[in-house]
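Novice: I'll drop the sequence and a predicted model, then ask my questions.
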Amino acid sequence: MYDGMLAPKRKPGGARGKKKAAATEAAAEQAEPSAAPGAVPAVAVATAVREDSAVAVGVSLPAPALSGSPLSAAATEAAAAAAAAAAPAAAPEEPDGEAEAAPPAKRKRKVATPKPPPGPVFEHSMRPAPLDGPGFRIMSWNVAGLRALLKEEKKVDLGALVAAHSADVVCLQEIKLQEGKHCEEALPRLGLEGWHCYWNCSTARKGYSGTALISRHEPLSVSYGIGREEHDSEGRVVTAEFDSLYVVNCYTPNSGDGLKRLEYRVNSWDKDFSAYVRGLSERKGVVVAGDLNCAHQEIDIHNPKGNRKSAGFTQEERDSFAANLLSQGFVDAFRHQYPDVVGYTYWGYRFNLRAKNAGWRLDYALVSDSLLPRVHECYHAYDVLGSDHCPVVLVLRA
């Protein structure tokens, strides 16, 4: 009956231990009655009794007998028996087919190899020889904030850039300036002294949108917006009239996060802007230059499959771009010249996308059909930094 008391522990070397040791020694003497003086004992036995009275026995196999003192068969058998008794029990073998399976080795992750672009990547070496003779050059650039671009740390010399590309008209988008002080401060820092500058700033929101058109020669006329009140408060269009053509500087509204402005973009802006430029084209040739916020074809975006629901690449925007511009007498000058070439104009700032050339083609120079014979080239100045977009340059024969 359990009364809560534990039995006392036996001390090592008690009567029971001594009896066992004496018995072992007697057995060893019996097994080797004729051992010669000086012979190595057949079996050395050490005993120890743990506090919990379990006995551990250490056994060493017989050492070789000295010359003239062979071990008897009985001694060998006794040694083997003692060794077997002391040896730990071997683990039982598992029956065939029932052994515990080893955990599967972890597979090494394959490093994803970037997919090659769907065509050759645009380089300046692809461009034709420079125009021989007089021409008219239009440079368009989304500067993502003109004040930020003109800061010293960015080291962008706009005047030197314009001179390097021999531009006659410069169209800037997303200037993010306010009328008055902002424009007055920016003007002398452009490095375009003597040029004619026309600002269209957003009145709907401060520090948002806005366009500027800067011309070497004074235009015949200049207008702002497209004549529709619901669109013109964001400062998205400046139009300059010259002798043989109109230059329309345009910053198309983005459909926004969650495509909140998609309906407005495709069913209101796109249709009204199309009607505006078609009206101009009835009088003279038209160049539409700017950030049109649409990657029209799969070749115009680095990851078409993953961006089908992204603003700028939805099917609705692409269909609207084709229906309202390309099917209305306007030609995409870059794609006309380079039908199978990959040429991006926008790269997000995150993840080093520009270095990887993982971008979008959002910036265009569209020409009305009547001007197409005058197009010498359209190219991307992809090596110009200072914004997440690069300039697009259109060269027309005079």
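Specialist: Cool, the structure landed.
Novice: Show the contacting residues for L146.
Specialist: By Cβ atoms under 8 Å, 6 or more residues apart in numbering, the contact list for L146 reads 172, 175-177, 186, 212. Backbone N, C-alpha and C define where each C-beta goes, glycine included.
Novice: In space, what's closest to it - neighbours in sequence excluded?
Specialist: I175 (4.2 Å; Cβ to Cβ, 6 or more residues apart in numbering).
Novice: returning to that earlier point: which of the contacts of L146 count as buried?
Specialist: By neighbour count, with 16 or more other Cβ atoms under 10 Å, these hold 172, 175-177, 186, 212 as buried.
Novice: Looking at pLDDT only, which of these scores worst?
Specialist: Lowest pLDDT of the buried ones among the contacts of L146: A186, 93.
Novice: That one belongs to a helix, doesn't it?
Specialist: Yes. Assessed by DSSP: H, G, I helix; E, B strand; the rest coil, A186 belongs to a helix.
Novice: mind listing what it touches?
Specialist: Neighbours of A186 in contact, by Cβ under 8 Å, 6+ apart: 146-147, 150, 177.
Novice: low pLDDT regions in this protein?
Specialist: Applying pLDDT under 70 to the chain picks out residues 1-103, 110-115, 152-154.
Novice: center of it - which residue?
Specialist: Centroid-nearest residue in the chain: F351, 5.0 Å away (criterion: Cα atoms, centre = their mean).
Novice: I'd guess it is in a strand, am I close?
Specialist: No. Counting by three-state DSSP, F351 is not part of a strand but helix.
Novice: which non-adjacent residue is nearest it?
Specialist: Spatially, and ignoring its direct neighbours in sequence, F351 is nearest to A358 (7.8 Å; Cβ to Cβ, 6+ apart).
Novice: quick one on the thing from earlier: show me the contacts for the residue nearest to L146.
Specialist: With Cβ under 8 Å, 6+ apart, I175 has these contacts: 143, 145-146, 199, 201, 210-212.
Novice: now it: how far from A186?
Specialist: 8 Å (Cβ to Cβ, to the nearest Å).
Novice: Go ahead and confirm E298 touches P304.
Specialist: Yes. Counting by Cβ atoms under 8 Å, P304 is a contact partner of E298 at 4.1 Å.
Novice: Which other helices and strands does the helix or strand where Y198 lies contact?
Specialist: Taking DSSP states H and E as the definition, Y198 sits inside strand 196-200. Applying 3 or more Cβ pairs under 8 Å, 6 or more residues apart in numbering; DSSP states H and E, one finds that strand 196-200 contacts strand 211-215, strand 221-224, strand 237-241.
Novice: Make CSV out of those strands and add distance to V384.
Specialist: Converted to CSV, the helices and strands packed on strand 196-200 look like this (distance: least, Cβ to Cβ, whole Å):
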stretch, distance to V384
strand 211-215, 16
strand 221-224, 26
strand 237-241, 21
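Novice: Strands of this structure, start to end?
Specialist: Here the chain has its strands, by DSSP state E, at 44-49, 55-60, 135-142, 169-173, 196-200, 211-215, 221-224, 237-241, 245-251, 285-291, 330-332, 363-368, 375-380, 392-397.
Novice: most packed of those?
Specialist: strand 169-173 (a mean of 28; mean count of other Cβ atoms under 10 Å).
Novice: Kindly export it (C-alpha atoms) in PDB.
Specialist: Written as PDB, here are the backbone C-alpha positions of strand 169-173 (Å, rounded to 0.1, in the frame of the first residue of the first chain):
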ATOM      1  CA  VAL A 169      10.100  73.800 -79.000                       C
ATOM      2  CA  VAL A 170      10.200  72.300 -75.500                       C
ATOM      3  CA  CYS A 171       7.000  70.700 -74.000                       C
ATOM      4  CA  LEU A 172       7.200  70.000 -70.200                       C
ATOM      5  CA  GLN A 173       4.600  68.000 -68.300                       C
END
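Novice: Which other helices and strands does it contact?
Specialist: Using 3+ Cβ pairs under 8 Å, 6+ apart: strand 169-173 touches strand 135-142, strand 211-215, strand 245-251, strand 285-291.
Novice: which other residues reach that strand?
Specialist: 136-143, 146, 158, 162, 192, 210-216, 238, 240, 247, 249-251, 289-291.
Novice: who are the neighbours in contact with the closest residue to P117 other than its chain neighbours?
Specialist: Closest residue to P117 apart from its sequence neighbours, by Cβ to Cβ, 6+ apart: V342 at 4.3 Å. Residues in contact with V342 (Cβ under 8 Å, 6+ apart) are 117-122, 299.
Novice: try it again with 10 Å
Specialist: Contacts for V342 were tallied using Cβ atoms under 10 Å, 6 or more residues apart in numbering; they are 116-122, 299-302, 357, 359, 361.
Novice: Pick out whichever of those residues sits closest to E263.
Specialist: Among these, I301 lies closest to E263 (Cβ to Cβ), at 22.1 Å.
Novice: how many other residues sit next to that closest one?
Specialist: Using other Cβ atoms under 10 Å, I301 is surrounded by 24 other residues.
Novice: Contact partners for it?
Specialist: 295, 307-308, 310, 312-313, 342, 344, 346, 358-362.
Novice: and if you look at W195?
Specialist: Taking Cβ under 10 Å, 6+ apart as the criterion, W195 is in contact with 159, 162, 168-170, 187, 214-218.
Novice: which one of the residues you listed sits closest to S387?
Specialist: Of those, the one sitting nearest to S387 (Cβ to Cβ) turns out to be V170, at 13.6 Å.
Novice: ok, back up a step: which residues do E298 and P304 both contact?
Specialist: With Cβ under 10 Å, 6+ apart as the test, E298 and P304 both reach 118, 313.
Novice: Quick one: closest of the helices and strands packed on strand 196-200 to F321.
Specialist: That would be strand 237-241 among the helices and strands packed on strand 196-200, by Cβ to Cβ, at 16.6 Å.
Novice: Quick one: work out the angle between the closest one and strand 285-291.
Specialist: Going by axes from the mean of the first three to the mean of the last three Cα atoms, to 10 degrees, strand 237-241 is angled at 150 degrees with respect to strand 285-291.
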